[in-house]
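Engineer: model this:
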Amino acid sequence: MEKLAVVALGGNALIREGQKGTIDDQELNVYDTCTCLLELIKSKYNIVITHGNGPQVGNILLQNIAGNKVFGLPIMPLDICGAFSQGFIGLMLEQQLRNVLKERDMERDVITIITQVIVDKNDDAFKNPTKPIGPYYTKEDADKISSETKAVFAEDPKGRGWRKVVASPKPLVIGNRKSIEKLSRDGQVVIAVGGGGIPVFYVKENKLQGIDAVIDKDLASSLLATQINADEFYILTDVPKVSINFRKQNEKQLDVITINEAKQYLNEGHFAEGSMAPKIKAAMNFVEATGRKAVITQASELGKKDAGTIIIANGK
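Structural biologist: Numbers count the residues shown, from 1 in each chain. Predicted coordinates:
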């Protein structure tokens, strides 16, 4: 029986540092990533692919603003922009993975599912929005927009201006999870939970509604892996293994660590909140919930022996 793996793609799977993010750039990057993903498929894995959408949804927001200023088009809310990004990133992933499969005379359906994720509207994250989205503004423009829309803005720590910040609530339930599991176990490649999923809540009984928020992609991917009973969870990033004392003389790459060791390294401050810490936490969530393994590595390591940093349950 083939194993089921959820693979969370990192940002460099789509746009790499120094690139403008043209469709040509993104399609070439996605093709390279899909070539690496093929190693799992060749190793008899069924896979579900998740992905980020930060730069893409930021560009969609800019297009919204420009369309509103020039043509008076209505500005779409953040949940709709997230759905736009899920659709076009899913299209790129589908096309390039089909190309890779076709070149190797392999046949699988590749299916994108626009994924809603239920959150709690009373989540404490809504009291303290911290996730920056969209373009940079001057202080004057940010204050003006805030007074007109009640949007919350925060100053960029690198001094690039002011950006809108939204809540990043905890994901609770992945929409269509039963269909995602069935399709993937039947041998189809499923693309889901793009950008962490579209955050929704029940505004009243039996009525779903989108909400202005961004869910952490790795946390949502971890929850998906748990809720579809995945055998393994992969988080792809830009390093082959997780390290402690990163970029110091005593830097050490980690091969296999337990949950307790991961917690210890987190508490000691080895993993930055804006970088590796969310990935470690997401991997830990999956391992603690299932007792199965999570792997953090870069795409080019897939299929290699002892690839990446493996996080396992205590006592294994």
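Engineer: Counting neighbours, what do you get for residue 139?
Structural biologist: The number of residues packed near residue 139 is 11, by other C-beta atoms under 10 Å. Glycine gets a C-beta too; all of them are placed from N, C-alpha and C.
Engineer: mind checking pLDDT for it?
Structural biologist: Predicted confidence (pLDDT) for residue 139: 95.
Engineer: Now do the closest residue to it other than its chain neighbours against residue 274, distance only.
Structural biologist: In this structure, residue 139 finds its nearest non-sequential neighbour in residue 162, 5.8 Å apart by C-beta to C-beta, 6 or more residues apart in numbering. Distance, residue 162 to residue 274, by C-beta to C-beta, to the nearest Å: 18 Å.
Engineer: what about these two, which has more around it?
Structural biologist: Per other C-beta under 10 Å, whichever of residue 162 and residue 274 has more neighbours is residue 162, with 21 against 7.
Engineer: and that one, what are its bridge partners?
Structural biologist: Residue 162 has these beta-bridge partners by DSSP bridges: residue 137, residue 155.
Engineer: What residues sit buried inside the longest helix along the chain?
Structural biologist: Under DSSP state H, the helix in the chain containing the largest number of residues is helix 78-103. Residues of helix 78-103 classed as buried by neighbour count (16 or more other C-beta atoms under 10 Å): 78-79, 81-86, 88-90, 92-94, 96-98, 100-101.
Engineer: Next SSE downstream of that helix?
Structural biologist: From helix 78-103 onward toward the C-terminus, using DSSP states H and E, the following helix or strand is strand 110-112.
Engineer: which neighbours does that following strand have in its sheet, and in what orientation?
Structural biologist: strand 189-191 (parallel).
Engineer: The strand it pairs with: what's the following helix or strand?
Structural biologist: strand 198-204.
Engineer: average pLDDT for stretch 16-36?
Structural biologist: Mean per-residue pLDDT for stretch 16-36: 93.
Engineer: what does stretch 279-292 give?
Structural biologist: Mean predicted confidence for stretch 279-292 is 97.
Engineer: Buried residues, it. List them.
Structural biologist: Buried residues in stretch 279-292, defined by neighbour count with 16+ other C-beta under 10 Å: 279, 280, 281, 282, 283, 284, 285, 286, 287, 290, 292.
Engineer: Following element in sequence after the helix or strand hosting residue 279, please.
Structural biologist: Assigned by DSSP H and E, residue 279 belongs to helix 277-290. Using DSSP H and E, the next helix or strand after helix 277-290 towards the C-terminus is strand 293-298.
Engineer: Dump whichever helix or strand comes after that following strand to PDB, restricted to CA.
Structural biologist: Following strand 293-298 in sequence order, the next helix or strand is strand 309-312 (DSSP H and E). Only the C-alpha atoms of strand 309-312 are listed here, as PDB (Å, rounded to 0.1, in the frame of the first residue of the first chain):
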ATOM      1  CA  THR A 309      15.800  16.800   9.700                       C
ATOM      2  CA  ILE A 310      13.400  14.100  11.000                       C
ATOM      3  CA  ILE A 311      11.200  14.900  14.000                       C
ATOM      4  CA  ILE A 312       9.800  11.900  15.800                       C
END
